[in-house]
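1. Got a sequence here, can you model it:
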Amino acid sequence: MLFESLNLIEPILKALQEEGYTIPTPIQSQSIPLVLQGNDLLGCAQTGTGKTAAFAIPILQLLSANKTYDKKKKVRSLIITPTRELAVQIGESFRAYGRHTGLTCTVIFGGVNQNPQTAALRAGVDIVIATPGRLLDLMNQGHLTLRDVEIFVLDEADRMLDMGFIHDVKKMLTALPKKRQSLFFSATMPPEIVKLASTILQNPSKVSVTPVSSTVDIIKQCVYFVDKGNKNDLLIDILKDKNIKTALVFTRTKHGADKVVKVLLKHNIKTEAIHGNKSQNARQRALTNFKEQTTRILVATDIAARGIDVDDLEYVINYEMSNIAETYVHRIGRTGRAGAKGTAISFCDAEEKEYLRDVEKLIAKKIPVIENHPFPLIDHNPVKAPKQQQGRRNFRTNDSSAGRGGHQGPKPTGNNGSKKWFGKPKTSR
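-> Numbering: from 1, shown residues only. Below is the predicted model:
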């Protein structure tokens, strides 16, 4: 199937051709016709599936079919997304696909001066992409109204709940007109998400692509059992491999991300961090440097990493295992995109073995163990930390400190003599 077969208007087809797009992804080929028919949509799709174009393209076409020529344009479509990085990415997509439509859009997020955003709203825009907090602030200040919104999109709904935005979302819903088209996207569909969707959508069409439990087959996954105190040494040893031109490293906390950056910088490895304590300008600068490969390593927390879309990113390293299994899938989904090669490396200390088992249960496969490495796990019996409720959506956030529970698991054997980081994988344990 080609984009031409989706009954798209010429201005959009021209923009897609200029972007080099010819064949829609499954989420795009299924969603675009449904949205063009005016249906509400419930979409289950994880990162890297082409979800943004699946709603941006039909929104541009629907708004183009009924342009308004008022001197002051009204906000006709609102897209809500949890992070600043993702909002910027969605804004770039709307501008790219809609460059020949005459439609305008602006991106609204916190952490920066609001004056340029309010100036754009005064000039009039058709489409607003926003994070919840800043949007509500500007609404309360009288800078915009949602009463003319025709199409509403709630993107990354599961992450929205993780970050505690559910009350902000509910406030926005009361400001939206009841007569509207609504699109709802989430990578996972726990009961809380299904309940939220039922309050937003009316008789929705449903599209599900690449369930969260099925990781991309092309991604090469492996795990190193290593003592917590040796993770820095193992990371430095792995990064001696010059084939790793860039790598995205995940930690659970902001403090942990900063500590990893300090260690790598001491070893002359150009590294930057991206997390919630960084200013928007600093986060955007770090991401730009990483994309341009002037920064080799980008260390990120899970929340800050939403919206990171880097072409040809081959390596993701889980410096710490996430205590929410679904997050592992989101992390490694940053690599292996569009058929490219991908490698996901995980460090697992004794306390994190339980998290690893949860991941393997979710993805229904064993992750190969690298046993031949210089820093094998020695301490198999750490003091148990208070166990977290795993996989629960009332978990505070992956961007804040959390205790780690665990118990003794199978003891992997190691060979201290080997310096080859990739070693020989063993698929059972």
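
2. which residues in the stretch 301-429 of the chain form strands?
-> Ranges of strands in the stretch 301-429 of the chain, per DSSP state E, counting those that start in this stretch, are 315-318, 342-348, 369-370, 425-426.

3. Columns mean neighbour count, mean pLDDT and distance to I57 on top of those strands, output as CSV?
-> All C-beta atoms are positioned from the backbone trio N, CA, C, and that covers glycine. What follows is these, written out as CSV (neighbours: other CB atoms under 10 Å; pLDDT from 0 to 100; distance: least, CB to CB, whole Å):
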stretch, mean neighbour count, mean pLDDT, distance to I57
strand 315-318, 25, 96, 28
strand 342-348, 24, 95, 26
strand 369-370, 24, 96, 42
strand 425-426, 15, 44, 41
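
4. can you redo those strands as CSV with distance to L121?
-> Listed next are those as CSV, based on distance: least, CB to CB, whole Å:
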stretch, distance to L121
strand 315-318, 37
strand 342-348, 40
strand 369-370, 52
strand 425-426, 54
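
5. Among those strands, which comes closest to L234?
-> The closest of the strands of the stretch 301-429 of the chain to L234 is strand 342-348. By CB to CB, the value is 6.4 Å.

6. Distance from the closest one to the middle of the chain?
-> In terms of CA atoms, centre = their mean, to the nearest Å, the centre of strand 342-348 is found 17 Å from the chain centre.

7. Could you list which residues are in contact with F347?
-> 223-224, 226, 231, 234-235, 317-321 (CB atoms under 8 Å, 6 or more residues apart in numbering).

8. ugh, wrong one, I meant A197
-> Counting by CB under 8 Å, 6+ apart, A197 touches 42, 157, 184, 186, 204.

9. Excluding sequence neighbours, find me the nearest residue to the fourth one.
-> What sits nearest to S186 in space, not counting adjacent residues and going by CB to CB, 6 or more residues apart in numbering, is A157, at 3.9 Å.

10. Please tell me I have it right and that neighbour contacts K195.
-> No - taking contacts as CB atoms under 8 Å, A157 lies outside contact range of K195: 10.9 Å.

11. Counting neighbours around each, name which of the two comes out higher.
-> A157 (28 against 9; other CB atoms under 10 Å).

12. How confident was the prediction at the more buried one?
-> pLDDT for A157: 90.

13. Now the helix or strand Q30 falls within: buried residues?
-> Using DSSP states H and E, the element containing Q30 is helix 26-36. Buried residues in helix 26-36, defined by neighbour count with 16 or more other CB atoms under 10 Å: 26-32, 34-36.

14. How is the chain partitioned into domains?
-> 3-209, 219-426 (automatic domain parsing).

15. Check those for me: which has the lowest mean pLDDT.
-> Going by mean pLDDT, the lowest-scoring of the domains of the chain is domain 219-426, which has a mean of 78.

16. Centre of the chain to that domain, how far?
-> Relative to its chain's centre, domain 219-426 lies at 15 Å (CA atoms, centre = their mean).

17. what residues are up against M1?
-> Neighbours of M1 in contact, by CB under 8 Å, 6+ apart: 23-24, 29.

18. What I need now is those residues written out in TSV, including distance to L6 for each item.
-> Output for the contacts of M1, formatted as TSV (distance: CB to CB, whole Å):
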residue	distance to L6
I23	11
P24	7
S29	7
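
19. List just the nearest of these to L135.
-> P24 (29.8 Å).

20. Contacts only, for the nearest residue to the closest one once chain neighbours are set aside.
-> Among residues not flanking P24 along the chain, F3 sits closest, at 5.7 Å (CB to CB, 6+ apart). By CB under 8 Å, 6+ apart, the contact set of F3 is 13, 16, 21-24.

21. which two from those residues end up farthest apart in space?
-> L13 and I23 (13.1 Å).

22. Tell me which of those two has more neighbours.
-> L13 (17 against 9).

23. Which strands or helices does the host helix or strand of that one pack on?
-> Element membership for L13 (DSSP H and E) is helix 10-19. Contact here means 3 or more CB pairs under 8 Å, 6 or more residues apart in numbering; DSSP states H and E; on that basis helix 10-19 packs against helix 51-64, helix 84-97.

24. looking just at contacts, which helices and strands does the last one meet?
-> The helices and strands touching helix 84-97, judged by 3+ CB pairs under 8 Å, 6+ apart, are helix 10-19, helix 51-64, strand 105-108, strand 127-130, helix 280-291.
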